[in-house]
Structures are given as structure tokens and as C-alpha cells.
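A.B. asks: Mind looking at a prediction? Sequence and model below.
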Amino acid sequence: MIKLKEVFRMSEDQLYERIPKILLQKGYNRDDMIVFKNDYIYAQGNIPIMLVSHLDTVHSILPKNIFNDQKQNILWSPEGLGADDRAGVYSILKIVEGNFKPHILFTSGEESGGIGASYFVEDILEIPNIKYIIELDRQGNNDCVFYECINDTFIKFIESYGFIENYGSFTDISIICPSWNIAGVNLSIGYYNQHSKMEYLNITEMNKTIEKVKNMLITYPKDPFVFETYKIKKKKRKSKKYNIKTTIYNKPLNSLTDQEYLALERGLLQYDDYLDEYNTRYNY
Ligand SMILES: [Zn+2]
């Protein structure tokens, strides 16, 4: 049984050693597992939902001193706890230790734009038969965040487990869901003030989400939820009207101002047009 503080104190390298061992102990097959150190750990299970969290944190050092306010059931560290997203990592391991065997993905580089998740979708050619994806990487108590996914049935389904829709900018599922055409949600896992040394974890709230996720793993739907997103009409790019043409035709190239060069470079004025005009004007 892995301990919560242990998950905070371990380096990413150590987690890449330890997590596969835990998964093997819990009945995941070596053949159904991919471990790409510094990118991701992926394990296929027998529950058709994939759980995701990220191993990297924004803090440059590991937390040495971890304090526990037992009254409030809160953890923090003066070095920065790293509960974003080690709380998610711990929660997934806790769920696995509770004898649930969903598909699992631990990534690296989430805080650097989802590098691990990007490699993952490039590497995995066969999309597993899953109903939807749950990431455990959201601050707070009961948020569910869907990013670009606007599948209403899915949103209502997730909210029925006691979450309330909120909005966010990015996490790993922002890469995986559109690529796999599968709906996904990011759920609150009890951390606050992430990306700062003031970060703390509310253990009670984390445990609440763990219980909800277990419920979700038991009562999954028959059909997968698909990724639906806004259809953005691509506007035709129109160049802004500059008065540049009149001012530069009668100039040789090497005397253009920076602004005129910029206009040429950005295609507001085609180089060829420029030459044609130039040639006409000067009869070359
Ligand atoms: Zn995170």
C-alpha cells in the first residue's frame, strides 16, 4: 500500500520504477503495459474507462517537510507540496489498490504543454475500447471541466455523480480526447493554490472524489461518449488595408522602412506585385 506522503516525496524517476510494480501486483499484465520513462506509463485494464494524472510538478525541488493539519485534514509543504498532480497520481493508485482495474495513464510534461500526452497519442495506434476518460488534475472540491468538449449528454452524466461544470484552459485530456474522438472530464482532486509554495491538499475532498470515481467505474454506460466540439467557421483572412502600396512603389527594396518590410513579409503586399508595380512604374 503506497502512502500519500511517499507519493509527494518521490522523484519522477522513482515513480517510473515504483508504479509499474504496483500495477503488476494488482493484476495488470506486463504485455498490456507501456512504460516510456519521462513520457508516460500506460496500462490497459478491464474497466472501459481511462484514468489520467500527471507525474510532473511545477516545483523544482521535492518537498522535504510535509505538514499535516489534522483538524482540517490538510497537507502542505514550505517547499511546495506538488499536489498538482501527485494527488491525482495517489488517487489512481488508491483506486487500483481497491481492486479496480481501469485503463490507466500517467504522463510527464503536463506542465510543459502536455509533452507526455502528445507522445502517447502518437505512439498508441490502436485506440482502446473505452467509454470516456477521467483526468484527476483539477483544483478544488467538486468541479468537472470539459475544455473543448461540449457533449451535453456527457456533461449531464458526469454532473449526476455530484460535480458541477466549471471551465479551464488545458490539461492532458485536451490533447487525448480530440485525437481519440472520446469525451473526457477533469475532476477536482482537492488541491488548492497550485503552482505556488502556498499549495495545499484537502485530503477529505480528495477522498470524496476517489469514492465518486469508484462509483463511476462501477456504473459506466453501454456506449462510448464521443468528443463533440464547437464548429468554428474559418474566417477568410483579409489583409488589413494599409496605405503602404502608395508609399513603397517608388522605392528600391533596400530603402524600405521596417513597417514596409513587415507588410511584405506578412503577405499584405506580395513581393511579386511589388516588383510588377515597380517594373511598370520604372519601365524595367
Ligand atoms: Zn496539473
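C.D. replies: Right, received. Where do you want to start?
A.B. asks: hey, where'd the strands end up in this structure?
C.D. replies: For the chain, the strands defined by DSSP state E occupy 33-36, 40-43, 47-54, 67-69, 74-76, 102-107, 132-138, 143-145, 164-166, 184-188, 191-192, 200-202.
A.B. asks: State the mean pLDDT of stretch 172-183.
C.D. replies: Average pLDDT, stretch 172-183: 97.
A.B. asks: who touches it?
C.D. replies: 52, 54, 105, 107, 110, 114, 116-118, 120-121, 127, 130, 132-133, 135, 137, 146-149, 151, 154, 184-186, 224-229 (Cβ atoms under 8 Å, 6 or more residues apart in numbering). All C-beta atoms are positioned from the backbone trio N, CA, C, and that covers glycine.
A.B. asks: Next: stretch 225-232.
C.D. replies: Contact with stretch 225-232 is made by 131-132, 148-151, 153-154, 157, 177-178, 180-184, as judged by Cβ under 8 Å, 6+ apart.
A.B. asks: and this structure, which of its residues are near the ion?
C.D. replies: Proximity of the chain to the ion (Cβ under 5 Å from the ion) is limited to residues 84-85, 137.
A.B. asks: Pipe the strands of the chain into JSON lines and attach mean neighbour count per row.
C.D. replies: Below are the strands of the chain laid out as JSON lines (neighbours: other Cβ atoms under 10 Å):
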{"stretch": "strand 33-36", "mean neighbour count": "16"}
{"stretch": "strand 40-43", "mean neighbour count": "24"}
{"stretch": "strand 47-54", "mean neighbour count": "24"}
{"stretch": "strand 67-69", "mean neighbour count": "13"}
{"stretch": "strand 74-76", "mean neighbour count": "21"}
{"stretch": "strand 102-107", "mean neighbour count": "26"}
{"stretch": "strand 132-138", "mean neighbour count": "27"}
{"stretch": "strand 143-145", "mean neighbour count": "22"}
{"stretch": "strand 164-166", "mean neighbour count": "13"}
{"stretch": "strand 184-188", "mean neighbour count": "27"}
{"stretch": "strand 191-192", "mean neighbour count": "22"}
{"stretch": "strand 200-202", "mean neighbour count": "23"}
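A.B. asks: could I get these as TSV with distance to Val89?
C.D. replies: Listed next are the strands of the chain as TSV, based on distance: least, Cβ to Cβ, whole Å:
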stretch	distance to Val89
strand 33-36	15
strand 40-43	10
strand 47-54	5
strand 67-69	19
strand 74-76	14
strand 102-107	6
strand 132-138	8
strand 143-145	18
strand 164-166	22
strand 184-188	14
strand 191-192	12
strand 200-202	12
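A.B. asks: how near is the closest residue to Lys26 other than its chain neighbours to Asn186?
C.D. replies: Nearest residue to Lys26 in three dimensions, chain neighbours excluded: Val96, at 5.0 Å (Cβ to Cβ, 6 or more residues apart in numbering). For Val96, the distance to Asn186 (Cβ to Cβ, to the nearest Å) stands at 19 Å.
A.B. asks: same thing with Lys197?
C.D. replies: In this view, Lys197 and Asn186 are 23 Å apart by Cβ to Cβ.
A.B. asks: What of Phe106?
C.D. replies: With Cβ to Cβ as the criterion, Phe106 and Asn186 are 15 Å apart.
A.B. asks: same check, this time on Met1
C.D. replies: Met1 is 26 Å from Asn186, by Cβ to Cβ.
A.B. asks: residues touching the closest residue to Asp172 other than its chain neighbours, list them.
C.D. replies: Leaving aside its sequence neighbours, Asp172 sits nearest to Ala117 (Cβ to Cβ, 6+ apart; 3.9 Å). Applying Cβ under 8 Å, 6+ apart to Ala117 gives the contacts 40, 52, 105, 107, 109-110, 172-173, 175-176.
A.B. asks: Which pair of the residues you listed spans the longest distance?
C.D. replies: Of all pairs drawn from these, the greatest distance, 14.4 Å, lies between Gly109 and Ile173 (Cβ to Cβ).
A.B. asks: Looking at the two, which is more packed in?
C.D. replies: Ile173 (30 against 20; other Cβ atoms under 10 Å).
A.B. asks: Most proximal residue of the stretch 151-284 of the chain with respect to the ion?
C.D. replies: Thr171 (6.1 Å; Cβ to the ion).
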